[in-house]
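predicted model follows, preceded by the sequence.
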Amino acid sequence: MTQQAFPKLLSSQIAFDIARTILDGFDKHYRLFRQASQQARRYFETADWSTAQAAARERIDYYDKRVQECVHVLEDEYSPEELTDLVWRETKLHYIGLLSGHKQPELAETFFNSVSCIILHRSYYHNDYIFVRPVISTEYIETDDLQPTYRVYYPAADGLRFALKRVVTNFQLNVPFADLDRDVAQVEARITEAFGLDQAEPNLQLHVLSSPFFRNKGAYIVGRAINGPRDYPFVIPVLHNRQGELVLDTVLTDVYHITLLFSFTRAYFLVDMEVPSAFVGFLRSLMPRKPRSEIYTVLGLQKQGKTLFYRDYLQHLKHSSDRFQIAPGIRGLVMLVFELPSFPYVFKVIKDFYPPPKDTTRALVKEKYLLVKHHDRVGRMADTLEYSDVAFPLARFSEELLAELKEFAPSLVEIEGERIIVRHLYIERRMVPLNIYLGNAQEQGNEERIEHGVIEYGNAIKDLVAANIFPGDMLYKNFGVTRHGRVVFYDYDEIEYLTDCHFRDIPEARNEEDEMSAEPWYPIGKHDVFPEQFGRFLLGNPRIRHYFMKHHADLLTRDYWQSHKDRILAGVVDDVFPYPQQIRFCNHQAIPTPAPQHSPAQPTILENTQ
């Protein structure tokens, strides 16, 4: 574009009006997003857990609703003939101008892309009509003086304990603490030991994000200690005790534990952020190995997470040369899964048809994945990124993968020159399938790894039960082992709410013919589940059976499943904590309801579930 053409190009009133309409649509979205995050504080203070969970689920859909609203406005006001290439290019330039001084420019750019990609044809996705790369810098955006991104405390003035107490009380939570002095003393002792603050520098500082992080039944204070040249992260969980008072349950000082708190396997936080990029930058300083895309996502800004992930993917694709291939493991009946070995994610495509005994549809599978997106994943279900019309370089696909896509998902595959377009897919973090993990452990004779895998497998199922989830197909191939050694469920096509299941004992045989029958002699309903049968297809291996019966024999009994179903139907909200039980302070009165029992040999990482 020449300098002479530029002034002339920016003369369209239509282009400016379109840009203004899109930005107004985004501003409405983020205003409602912040309101939902602000209301989370009141739900926490009043212990209104069910409303808090409902609000968190509802907030997930805010973005798509506002995008559709904006698209409908533009389609009503302008004809397709008016939305020429020249107008749309000018619209983007006007939009850039409107973003000057904006507090959430990166999110607004993504919103522009979402609206554009609905109105424009796919061939426009990677050109001047959208923000393929960010244009507006998010560095040093000014915040409201009344609520800076983080507050700074100086322990040298009045001591670390006084500074920590100010950290907590400055949030002005409208609930009394049971014994704040006791709790702060425990936090001080833990931080002093973990960070070596008995040798504190004169310029010791505490930086604390100005908004608490709310999720389920917990509020989290997130900060870092600056001691000379070293930075130390910390997170303080705040919970209600049985008397409805607040307690500081522990302080997380290990980056490993903090990373698990912000895991992709957990529900999104609700946190009030005027400048989200500043919060992401602060969190990245605590967890330098966690991608920005995952941090945006866990803050509830999943569309921005998708944008950043896709940019990272394109960058990786440009600087790698390996080929996409079928993912290792047992082939699924519903999903075709492939990978790029150098990239730590897998791509999942729903097949066009499913052999018996599978009885499902593509629409139903999508519903299951949407259920998981809206549900509390309690650290045991992988979050997924859903994409449409994704272009891959055809030359990078192995012949075997290309053949399987054409055979099992022909309706979702289109070849355009040197590209292959996949119309719909899910992307998940790559994990080692549990069946492969256990198989390798057995080949190596590693009893410790076998036991760990079995314990984690049972704990994963029990955490899902506490969250009102019945996994359906519990075969080991449907679970994966993360790099942190946690077992996570990732096959959702048979998932059900626990409360929709009917748990039964197998009736006693009426006669010898019943006992010898290859088929059940008793009627079986669609939602009937017989837990005592689980062992037949799960425990054929004697080593696995030994450890399973040692730690999780209760999973084979109807009573276990029915008792949890009854608790959920009675409105009981179990506590599930996203950090190990052994690092909690001795304030166990913070648990308002009994948590599900887990093996003491492997303390389960739990979080408050519905």
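Thanks, I have the structure now. Residues are numbered from 1 along each chain as shown.

you'd agree Val481 is up against Val432?
Yes: if you go by Cβ atoms under 8 Å, Val481 and Val432 touch, sitting 4.6 Å apart. The C-beta positions use only the backbone N, C-alpha and C, and glycine is treated the same way.

tell me which residues touch the residue most central in space within the chain, please.
Nearest to the mean C-alpha position of the chain, counting by Cα atoms, centre = their mean, stands Phe264 at 3.7 Å. With contacts defined as Cβ atoms under 8 Å, 6 or more residues apart in numbering, Phe264 is in contact with Glu294, Thr297, Val298, Ala382, Asp383, Arg429.

take those and keep only those in strands.
Cross-referencing the contacts of Phe264 against strands under DSSP state E gives Arg429.

which of the contacts of Phe264 tops the neighbour count?
Highest neighbour count within the contacts of Phe264, by other Cβ atoms under 10 Å: Val298, with 26 neighbours.

please name the nearest non-neighbouring residue to that residue.
Residue nearest to Val298 in three dimensions, not counting chain neighbours: Phe262, with 5.0 Å by Cβ to Cβ, 6 or more residues apart in numbering.

residues contacting the one you found?
Leu283, Met287, Lys290, Glu294, Ile295, Val298.

for the closest residue to the second one other than its chain neighbours, grab the count of nearby residues.
Going back to what we said before, that points to Met287. In space, and not counting its chain neighbours, Met287 is closest to Thr259: 5.3 Å by Cβ to Cβ, 6+ apart. Look at Thr259: counted by other Cβ under 10 Å, it has 17 neighbours.

Thr259 in helix, strand or coil?
Secondary structure assignment for Thr259 (DSSP: H, G, I helix; E, B strand; the rest coil): helix.

next, give phi and psi for Ala200.
Note on Ala200: its backbone torsions stand at phi -60, psi 140 [degrees, to the nearest 10].

swap in Asp231?
Per-residue torsions, Asp231: phi -110, psi 140 (degrees, to the nearest 10).

can you read off the pLDDT for it?
pLDDT for Asp231: 93.

which helix in this structure runs the most residues?
helix 13-45 (DSSP state H).

can you name every helix or strand that that helix contacts?
When contacts are defined as 3 or more Cβ pairs under 8 Å, 6 or more residues apart in numbering; DSSP states H and E, helix 13-45 packs onto helix 49-60, helix 62-77, helix 85-98, helix 105-119, strand 213-215.

now mean neighbour count, mean pLDDT and distance to Glu245 too, for the ones you listed, in a markdown table please.
A markdown table is the format used below for the helices and strands packed on helix 13-45 (neighbours: other Cβ atoms under 10 Å; pLDDT from 0 to 100; distance: least, Cβ to Cβ, whole Å):
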| stretch | mean neighbour count | mean pLDDT | distance to Glu245 |
| --- | --- | --- | --- |
| helix 49-60 | 17 | 91 | 16 |
| helix 62-77 | 16 | 95 | 33 |
| helix 85-98 | 17 | 90 | 48 |
| helix 105-119 | 22 | 94 | 37 |
| strand 213-215 | 25 | 96 | 18 |
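
out of the ones you listed, the one nearest Ala509 is which?
helix 49-60 (43.7 Å; Cβ to Cβ).

can I get the closest one in PDB, CA atoms only?
Taking Å, rounded to 0.1, in the frame of the first residue of the first chain, the C-alpha atoms of helix 49-60 are listed here in PDB:
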ATOM      1  CA  TRP A  49     -21.200 -22.600  46.100                       C
ATOM      2  CA  SER A  50     -23.900 -23.800  43.700                       C
ATOM      3  CA  THR A  51     -24.500 -20.300  42.300                       C
ATOM      4  CA  ALA A  52     -20.700 -19.700  42.000                       C
ATOM      5  CA  GLN A  53     -20.400 -22.900  39.900                       C
ATOM      6  CA  ALA A  54     -23.300 -22.000  37.800                       C
ATOM      7  CA  ALA A  55     -21.900 -18.500  37.200                       C
ATOM      8  CA  ALA A  56     -18.500 -20.000  36.200                       C
ATOM      9  CA  ARG A  57     -20.100 -22.300  33.700                       C
ATOM     10  CA  GLU A  58     -22.300 -19.500  32.300                       C
ATOM     11  CA  ARG A  59     -19.300 -17.200  31.900                       C
ATOM     12  CA  ILE A  60     -17.600 -19.700  29.500                       C
END
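
what does that helix contact?
Defining contact as Cβ under 8 Å, 6+ apart, one finds that helix 49-60 is touched by 33, 36-37, 39-40, 43-44, 214-217, 267-268, 270, 300, 302, 373-376, 571, 573, 608, 610.

can you map out the helices along the stretch 101-250 of the chain?
105-119, 155-158, 160-169, 180-195 (DSSP state H, counting those that start in this stretch).
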